[in-house]
Every structure is written in structure tokens, then in C-alpha cells.
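Peer 1: sequence? don't have it. structure:
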């Protein structure tokens, strides 16, 4: 009897049975590629190698290496120390302002700290640029806002800045995040202080002359 030759499809089926991976090669490639993608997706962005306990390696997309764990810890530690220094200063200043008793005349509150009276005021009858500043800050701490504005307008603004910086500094101490950096550069605040003192002084003079409290007799 004659044997019929197998067709191409039958030969391919037999070949696949004998060599299953050859017939499933496209599927295995897809499976391998999917597995690799899933592994890459499950990898954390930053991981610590067992041999590098002191350096946490973070890889960015271009393969460059950035901040180690030690640097991150030092950065947070510095941020907390910076916040603590500012928080202590602001809280101490506010506490001192509350401890003082603002003088109703708008000047002389600083004498409660053992400081001498203003010689410029005694000689001329007009306050110097810083006269009334301590009284203004203390009045703000006691909630006497009108007295604060009359004593030295910039003192009231300075007290508000103390509160804002104090709150932000304590938040920075608790979180380790650089909160104070978002409030502007220190040079800006220094310029604001230098400009604010004479501006408040001029407003104090105008107000005193209008209401008849200046010059002091």
C-alpha cells in the first residue's frame, strides 16, 4: 500500500509536539518580556543594598546616582537644628514681650530691662527712630493693638513676623522639612527691617504731631 505524504500543517503539528518550545517561541518571548516589565515596575525607586548600610542609593532615569541616605539624614538634622534655633529665638522674644508691661505713653517700656532712657527724647522732645519699638511689640503681645500702632507702627509688623516665623520654625523642627526657606531670603528680611524702622518712626512723628503728644514737654 502507498503512504500518503503528510501535509504542511500536519508536519508543523508533529514538529511542535516534538519540540514544543520551538512552536511556542513567540509566546515565551512575550511571557519573558512581560515578566521583566513586572519586575522593573515592582522595584522601588530607592533601595539599600545589603553591603551598603550607610548609603541609600537612588537611581534616576538616566542612570546617574543622587543623594545618599546619609546626606538625606544630615540634611533633615540640619533643618531641624535651624528650625530649633529660630523657634527658640522667636518664642523667647514673644515671651519677653508678654512679660513686659507696655507703657501707656508709648515709650519707656525698655527701662524694665534695666536700660537707660532715651537721651535724644529728653533733649529734643521728639523720639528717636527706635523709641516706642519695645512698647509696640509688648503691646501686641498683650492685645493692645491701638497702643502698638501708636507707639511704633513697625513694632506691630515685627511682632506678626515673630509669630509667623515661630510657627513655621516649630513645624520645621517637627517635620524636618525646610519650611523657613519658603519665607524668603534672610537678606530680604534684613532690608525690610532696615527700611521698616525709619518708616515707622516717620509715621510715629506724624501721628504724634497731629494728636498733640509731640513734642514731649
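Peer 2: Alright, I've got the coordinates. Keep in mind that this is a model prediction, so the values were computed, not measured. Numbers count the residues shown, from 1 in each chain.

Peer 1: longest helix anywhere in the chain?
Peer 2: Longest helix in the chain by number of residues (criterion: DSSP state H): helix 69-99.

Peer 1: and the next element down the chain from that helix?
Peer 2: Beyond helix 69-99 on the C-terminal side, the first helix or strand identified by DSSP states H and E is helix 119-124.

Peer 1: That next one - what's its average pLDDT?
Peer 2: Helix 119-124 shows an average pLDDT of 92 in the prediction.

Peer 1: residues in contact with residue 175?
Peer 2: Contact partners of residue 175, counting by CB atoms under 8 Å, 6 or more residues apart in numbering, are absent. Using the backbone N, CA and C atoms, a C-beta is placed for each residue, glycine as well.

Peer 1: Against residue 168, how distant is it?
Peer 2: Residue 175 is 11 Å from residue 168, where distance means CB to CB, to the nearest Å.

Peer 1: contacting residues around residue 142?
Peer 2: So, once contact is read as CB under 8 Å, 6+ apart, residue 142 ends up touching 98, 102.

Peer 1: At which residues are the helices of the chain located?
Peer 2: Listed from the start of the chain, the chain has helices (DSSP H) covering 8-18, 20-23, 25-42, 69-99, 119-124, 133-141, 145-151, 153-175, 186-211.

Peer 1: hang on, the earlier thing: between helix 153-175 and the longest helix of the chain, find me the angle.
Peer 2: Following axes from the mean of the first three to the mean of the last three CA atoms, to 10 degrees, one obtains 140 degrees for the angle between helix 69-99 and helix 153-175.

Peer 1: Quick check: buried residues in helix 69-99?
Peer 2: Residues of helix 69-99 classed as buried by neighbour count (16 or more other CB atoms under 10 Å): 69, 79-80, 82-83, 86-87, 90-91, 93-94, 97.

Peer 1: for stretch 110-127, how far is the first residue from the last?
Peer 2: 14 Å (CA to CA, to the nearest Å).

Peer 1: Name the residues that touch it?
Peer 2: 100-101, 107-108, 128, 131, 134-135, 201, 204-205, 208, 214-217.

Peer 1: give me that answer again for 10 Å
Peer 2: With CB atoms under 10 Å, 6 or more residues apart in numbering as the contact definition, stretch 110-127 has outside contacts at 96, 99-103, 106-109, 128-135, 138, 151-152, 201, 204-205, 208-209, 214-217.
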